[in-house]
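A.B. asks: Sequence and predicted structure below; questions after.
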Amino acid sequence: MASEEKPTEKRSLRVLVIDDQESVRSFLSRFVSRLGFEVSSVESGSRAVELVKSEGFDLYFIDMRMPGLNGLETLRGIRRIVPSAAVVVMTGYADEELLAGVRAEGVIDILAKPFDLGRLRAIVAGLPRA
């Protein structure tokens, strides 16, 4: 009896956008989904950490300045759950002390707001496809 082979299904890579500004979440969600990724977004670091406990993501965009958990605290919270998490941090501020802490965490990139769309596209396009 011949066994039926199921075609290998490629899943969309999943991206989580974490930013307290709805306009940034909306823009990034649309931009990244048009590149073929499945995107979720949350407005706070604490909600992101809770979501990561139940859902897996391939890439995280984290805003550095948010009420409650800041970006660095959010990054560390996610990394406690997913140590190898691929993270891009976003900032509209040049807080060198905070950025030094972020760099020490081994992030993929630090994106300045407003975004350079070519750089944003290159970061997302550089992710390995499942």
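C.D. replies: Noted; the coordinates are in hand.
A.B. asks: need the helix or strand of this structure with the lowest average pLDDT.
C.D. replies: helix 96-104 (a mean of 80; mean pLDDT, DSSP states H and E).
A.B. asks: Can I get that one as PDB, trimmed to CA atoms?
C.D. replies: Once non-C-alpha atoms are left out, helix 96-104 reads as follows in PDB (Å, rounded to 0.1, in the frame of the first residue of the first chain):
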ATOM      1  CA  GLU A  96      22.200  56.300  24.700                       C
ATOM      2  CA  GLU A  97      22.100  54.500  28.100                       C
ATOM      3  CA  LEU A  98      18.900  52.700  27.100                       C
ATOM      4  CA  LEU A  99      20.200  51.900  23.600                       C
ATOM      5  CA  ALA A 100      23.500  50.600  25.100                       C
ATOM      6  CA  GLY A 101      21.500  48.100  27.200                       C
ATOM      7  CA  VAL A 102      19.500  47.100  24.100                       C
ATOM      8  CA  ARG A 103      22.700  46.500  22.100                       C
ATOM      9  CA  ALA A 104      24.100  44.400  24.900                       C
END
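A.B. asks: mind checking how far whatever helix or strand comes next after that helix is from the chain centre?
C.D. replies: Later in the chain than helix 96-104, the nearest helix or strand by DSSP states H and E is strand 109-112. Computed by Cα atoms, centre = their mean, to the nearest Å, the separation of strand 109-112 from the middle of its chain amounts to 12 Å.
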